[in-house]
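Enquirer: Kindly return the folded structure for what I paste below:
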Amino acid sequence: MSAPDQSAGRAVSCPGCARSTLVPGIPVAPKSGGRTWPWVFLVTLLALAVAAAAHMMRPPAEAAGGDIVAGTLSPFIIAAVPALLLALLVGSGALLIRRSFGRSAGLTYSVLLLPLTLLVLLIPGQSRVKMLQMTQVLQDKTQGIQQRVNGYFNKTIRPLLPKPEPTRAEVEAATAGMKEDARKLLSSMVDENGLPQHVDVQFPVGPPPTNEAEKLRVFMQSFFADMVTLQNSYLKELEEAGISTLLAPDRVVSDADFKQTPTMLVQIRAIVQDYKAKADALMVNFPQKIESSDFDQKTKAGMVRGYQQGLAKSMPLFRETWDIEVSSVELMSDILDHLHAKRKSWTLQNGQYMFQEQADVDRFNQLMDELDRGIQRQSEIRQKSMEGVEANMKKF
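Expert: Below you'll find the predicted structure:
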């Protein structure tokens, strides 16, 4: 059975029914407002140029032995180390108030480096050598402190912060993956005649998701897996109950006293009703599955809202397919009752029922036509479902 959903979003499918519905999109991260790193590069070059110019204007005795490289790097390093340390502190603080680490750290470094370089150049050369040695010791100690701070931040603070929104490229990649997953699932749920079949589909397993869009694809794959399990179990139990031989002429002929047939029908009716309820619960309870996930609340709310909008449109067709499933069992029961009631007026020839009375032929054909129309209607809904997947994924 299947049911389409014509809303925008991502297509989902239902097990005994190959139907599609929606889960809404993930918000896309806005484009960055400014370019910080070119300024960092420019300010660094400017500070080096200033240090080199200052070195060349100093008397040789004060110019670190006349070595332009040492004379340039010495004041630059003394100025750059505190600028970098302050930039790291400001960047870490920015994370705590949900700002960009890179932008905040880059701006701090760019603002501090040149003034600190000019300040260092005012210090006499020998004192600057001592400061350089002290700076190296400070840098070594600071690295240890920074490692401990980073460890604490990653373990304690980062889990409390909102996860970054995925980029448009990440959303597009995840969407393409979900589209392929849905197409693969729907095409594998029915055979070449459009009838449900055992599903043996494997979804690709990649590295752990790093953003909400990738998490959504993994989440939907788990939902697809629930559908596969439901359909395979449903078909397996129907087969064990003898659904494929229920109307087989050889079996009907062998059941002369009509004792086996009622027992089979009782089992098949129970299976259909049981899985109709399970399939319904799978779709209706999907919002609870969303709520129990580890998506942030904003994403959960959007997913639930989009899913419920899609469900309102697709649920009537979803339930129609299961109603057809129930009525098909009753039609098979009517066919078997007719064969049993007219047992003395038909014979089996070349695998076909040959009735003596035209009225009996007409009644038999009427019931078979109704059964065929139900199967055809289910196939139409499945086709609409597959077309709905394509349309919904394009909209998304």
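Enquirer: Could you pull up phi and psi at Thr347?
Expert: phi -130, psi 170 (degrees, to the nearest 10).
Enquirer: er, Ala213 I mean
Expert: phi -70, psi -40.
Enquirer: any idea how far Val171 is from it?
Expert: 5 Å (CB to CB, to the nearest Å). No exception for glycine: its C-beta is placed from N, CA and C like everyone else's.
Enquirer: Equivalent analysis for Asp250, please.
Expert: As judged by CB to CB, Asp250 and Val171 stand 56 Å apart.
Enquirer: tell me the domain ranges of this structure?
Expert: Following automatic domain parsing, one finds the domains of the chain at 10-29+164-395, 37-160.
Enquirer: Lowest average pLDDT across those?
Expert: Of all the domains of the chain, mean pLDDT reaches its minimum on domain 37-160 (a mean of 68).
Enquirer: returning to that earlier point: more neighbours: which of Asp250 and Val171?
Expert: Legend: neighbour count by other CB atoms under 10 Å for Asp250 and Val171, higher for Val171 (22 against 10).
Enquirer: give me the element the more buried one is part of.
Expert: helix 168-188 (DSSP states H and E).
Enquirer: Now Val190. Its backbone dihedrals?
Expert: According to degrees, to the nearest 10, Val190 has phi -130, psi 150.
Enquirer: From Lys278, how far off is it?
Expert: Separation of Val190 from Lys278 (CB to CB): 19 Å.
Enquirer: just Lys313 next, same as before
Expert: Between Lys313 and Lys278 the computed distance is 22 Å (CB to CB).
Enquirer: packing partners for the strand or helix carrying Ala359?
Expert: Using DSSP H and E, the element containing Ala359 is helix 358-395. For helix 358-395, the elements it packs on are strand 10-13, strand 20-23, helix 168-188, helix 297-341, strand 352-355, judged by 3 or more CB pairs under 8 Å, 6 or more residues apart in numbering; DSSP states H and E.
Enquirer: Kindly state which of the ones you listed is positioned closest to Arg269.
Expert: Closest of the helices and strands packed on helix 358-395 to Arg269 is helix 297-341, at 5.6 Å (criterion: CB to CB).
Enquirer: That closest one: how far from the chain's middle?
Expert: Put simply, helix 297-341 sits 25 Å off its chain's centre (CA atoms, centre = their mean, to the nearest Å).
Enquirer: same thing with stretch 43-55?
Expert: Distance, stretch centre to chain centre, for stretch 43-55: 51 Å (CA atoms, centre = their mean).
Enquirer: Render the CA-only coordinates of that stretch in CSV, please.
Expert: Taking C-alpha atoms only, stretch 43-55 is exported to CSV below (Å, rounded to 0.1, in the frame of the first residue of the first chain):
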residue,chain,number,x,y,z
VAL,A,43,48.4,43.4,9.5
THR,A,44,51.0,40.6,10.0
LEU,A,45,52.8,41.8,6.8
LEU,A,46,52.6,45.4,7.9
ALA,A,47,54.0,44.6,11.4
LEU,A,48,56.9,42.7,9.8
ALA,A,49,57.6,45.6,7.4
VAL,A,50,57.5,48.1,10.3
ALA,A,51,59.9,45.9,12.3
ALA,A,52,62.3,45.5,9.4
ALA,A,53,62.3,49.2,8.6
ALA,A,54,62.9,50.1,12.2
HIS,A,55,65.8,47.6,12.3
